[in-house]
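Novice: Everything below, folded, please.
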Amino acid sequence: MKKITLLLACFAFAATAASAQTTTKSPVDPATAKTETNVRANGTVRTKTVDANGAEVSTKTGRTNTGEVIHAGKEVGKDVTHKTGHAVKSGAQKTGSVAKKGFKKTKNVVQKGSNKVAEKAKDVAD
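Specialist: The predicted structure is shown next:
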């Protein structure tokens, strides 16, 4: 008896779930519809369909308008940080190169001075 009641309950549940699912028909008649497709720069697509009666159906794949603005802002931020990082790196390389040249000049001057002192010491010792 318990098995029969359980079986009937499962059948009733399945029947209600199946009847609750209805198919919806698109309000646009494909024979008389005009379709306009826009492809954005980032690859997202917006399709706009207008029926002969004037009913309009708009389909978007990808970002919404607000999402697109946010995404564009992020891309600008990435570009700015990339350019800034490049400028900092090249500036550091230039500074390092100038410092290296300065050290070489200082080294040469010190070496020449120590050579002169060594020559004078040699002359004095002779």
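Novice: Find the centremost residue of this structure, please.
Specialist: E75 (6.1 Å; C-alpha atoms, centre = their mean).
Novice: Give the helix, strand or coil label for that one.
Specialist: Using DSSP: H, G, I helix; E, B strand; the rest coil, the secondary structure recorded for E75 is helix.
Novice: pLDDT score assigned to it?
Specialist: E75 is assigned 90 on the pLDDT scale.
Novice: when you give positions from now on, start the count at 11
Specialist: Happy to do that; since the first residue is 11 now, the last one works out to E85.
Novice: so where's the protein shaky on pLDDT?
Specialist: Applying pLDDT under 70 to the chain flags residues 11, 16-43, 52-53, 70, 74, 136.
Novice: what are the ranges of the helices in it?
Specialist: 12-30, 75-135 (DSSP state H).
Novice: could I get the ones you listed as CSV with distance to T59?
Specialist: All C-beta atoms are positioned from the backbone trio N, CA, C, and that covers glycine. Below are these laid out as CSV (distance: least, C-beta to C-beta, whole Å):
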stretch, distance to T59
helix 12-30, 28
helix 75-135, 19
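Novice: Quick one: closest of those to T47.
Specialist: Closest to T47 of these is helix 75-135 (C-beta to C-beta; 16.4 Å).
Novice: Return the distance of that closest one from the chain's centre.
Specialist: The chain centre lies 32 Å from the centre of helix 75-135; the measure is C-alpha atoms, centre = their mean, to the nearest Å.
Novice: Check stretch 51-71 too.
Specialist: Stretch 51-71 sits 26 Å away from the centroid of its parent chain (C-alpha atoms, centre = their mean).
Novice: List the buried residues of that stretch.
Specialist: Neighbour-count burial for stretch 51-71 flags 54, 56, 59-61 (criterion: 16 or more other C-beta atoms under 10 Å).
Novice: quick revisit: what's the closest of the helices of the chain to T45?
Specialist: Closest of these to T45 is helix 75-135, at 20.0 Å (criterion: C-beta to C-beta).
Novice: just checking, what packs against that closest one?
Specialist: Helices and strands touching helix 75-135, by 3 or more C-beta pairs under 8 Å, 6 or more residues apart in numbering; DSSP states H and E: there are none.
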